[in-house]
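Asker: Here's my sequence, what's the structure:
(one chain, ligands or ions: 1)
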Amino acid sequence: MSLVIVGSLAFDTIQTPWERRERIVGGSGTYCSLAASFFTNPKIVGVVGKDFPAAVLKLFKARGVDTEGLEVRPGKTFYWEGRYGYDPNQRETIRTDINVYEGYRPQLPAAYRKADIVFLANIDPDLQDDILAQVRKPELVAMDTMNHWIRSKPEAIGRVLKKVDILFANDEEIRMLTKEANLIKAGKKILAAGPRLVVTKKGEHGALVFGRKFVFGVPAHPCEDVVDPTGAGDSFAGGFLGYLDKMKRFSHPDIRRAAVYGSVLASFAIEDFGIDRLKTLTQREIEARFRRFKKLVSF
Ligand code: AMP
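Answerer: Residues are numbered from 1 along each chain as shown. Predicted structure coming up:
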């Protein structure tokens, strides 16, 4: 099977209550592809400026991420600055500079158009829609978004939402999208709008996956040292969809396991700043933590 991921590739400046890191590599597409690369060879779509480190492009190649759909353009890479409070689920965006994503309309390489799974990671919803128009007949389409786009382009998000099978969103985004405080009611509203599954990520409290006749809760790994929560959501989606791409099936038991792998990948991503932990992560560590999750929830 094949998994195409469109998202952002970015420089992030991160402020936590303990530390500040300037211009480290991040982006929804970056985190998601690296997480998915532990299960499959994802194809990434996006654009970076000439300032983007060659070492990260090399890392993609080394991890088996297909970069044919990645453009390098004159100009500056997407920039995002965020600040976390003592509660890692609370994050404030200080600044977003779209930079080379301004007016970016990719032409998907031929091999990408035959994708079986398409993940529209957090990026301009018009761009997400544009990608969907270029793929032939994917078996599964999933999307993510962010408060920035829900506020600025609600109409475009509604349009994309109708065309996807799975929505990944955190609880704040689901409430914003549906104007509904109760997450179960909000989830039902989303299911009525198109998707068959809603994956509600609740940061350090795990995630809830629900469909019309299906509910599954997965905890987050009890982590004592959350260094940088950035990318947890994207790594969750990368682990989840990478696993499904590897299994080539989307049955309910597969979806449950995919959600646990999503939570495992997210739990590693937050152990260090940016993508640093994903750089050193091994298959062995992933499987060991997957087994620990099993113990955590069996009773
Ligand atoms: P997450 O923590 O999983 O929600 O995603 C964090 C990543 O999203 C960061 O690395 C940012 O570079 C990226 N990001 C932040 N704002 C946006 C935006 N408006 N569009 C696309 N990507 C963004």
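Asker: gap between the closest residue to the ligand within the stretch 101-250 of the chain and residue 49?
Answerer: Among the residues of the stretch 101-250 of the chain, residue 233 lies nearest to the ligand; the distance is 3.2 Å by CB to the nearest ligand atom. All C-beta atoms are positioned from the backbone trio N, CA, C, and that covers glycine. Using CB to CB, to the nearest Å, residue 233 is found at 24 Å from residue 49.
Asker: So the two - more neighbours on which side?
Answerer: Taking other CB atoms under 10 Å, residue 233 and residue 49 do not tie; residue 233 has more neighbours (27 against 18).
Asker: In contact with the more buried one: list those residues for me.
Answerer: Shown in contact with residue 233 (CB atoms under 8 Å, 6 or more residues apart in numbering): 28, 122, 144, 168, 170, 201, 266.
Asker: I figured residue 1 hits residue 248, correct?
Answerer: Yes. Using CB atoms under 8 Å, residue 1 is in contact with residue 248, at 5.1 Å.
Asker: Just want the most central residue of the protein.
Answerer: For the chain, residue 234 is the residue whose C-alpha lies nearest the centre (CA atoms, centre = their mean; 2.3 Å).
Asker: In a strand, it, correct?
Answerer: No. Judged by DSSP: H, G, I helix; E, B strand; the rest coil, residue 234 forms no part of a strand; its state is helix.
Asker: Please name the nearest non-neighbouring residue to it.
Answerer: residue 31 (3.7 Å; CB to CB, 6 or more residues apart in numbering).
Asker: Neighbours of that neighbour, how many?
Answerer: 33.
Asker: Please export the C-alpha coordinates of the helix or strand harbouring it as PDB.
Answerer: Taking DSSP states H and E as the criterion, residue 31 maps to helix 28-36. What follows is helix 28-36, C-alpha atoms only, in PDB (Å, rounded to 0.1, in the frame of the first residue of the first chain):
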ATOM      1  CA  SER A  28       3.000  18.600  10.900                       C
ATOM      2  CA  GLY A  29       4.200  16.800   7.700                       C
ATOM      3  CA  THR A  30       7.700  16.400   9.200                       C
ATOM      4  CA  TYR A  31       6.500  14.800  12.500                       C
ATOM      5  CA  CYS A  32       3.900  12.700  10.800                       C
ATOM      6  CA  SER A  33       6.200  11.300   8.100                       C
ATOM      7  CA  LEU A  34       8.900  10.400  10.500                       C
ATOM      8  CA  ALA A  35       6.500   8.600  12.800                       C
ATOM      9  CA  ALA A  36       4.900   6.800   9.900                       C
END
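Asker: so what does that helix touch, helix or strand wise?
Answerer: strand 3-6, strand 43-49, helix 54-62, helix 232-247, helix 252-269, helix 276-280 (3 or more CB pairs under 8 Å, 6 or more residues apart in numbering; DSSP states H and E).
Asker: Among these, which comes closest to residue 157?
Answerer: Nearest of those to residue 157, taken as CB to CB: strand 3-6 at 14.8 Å.
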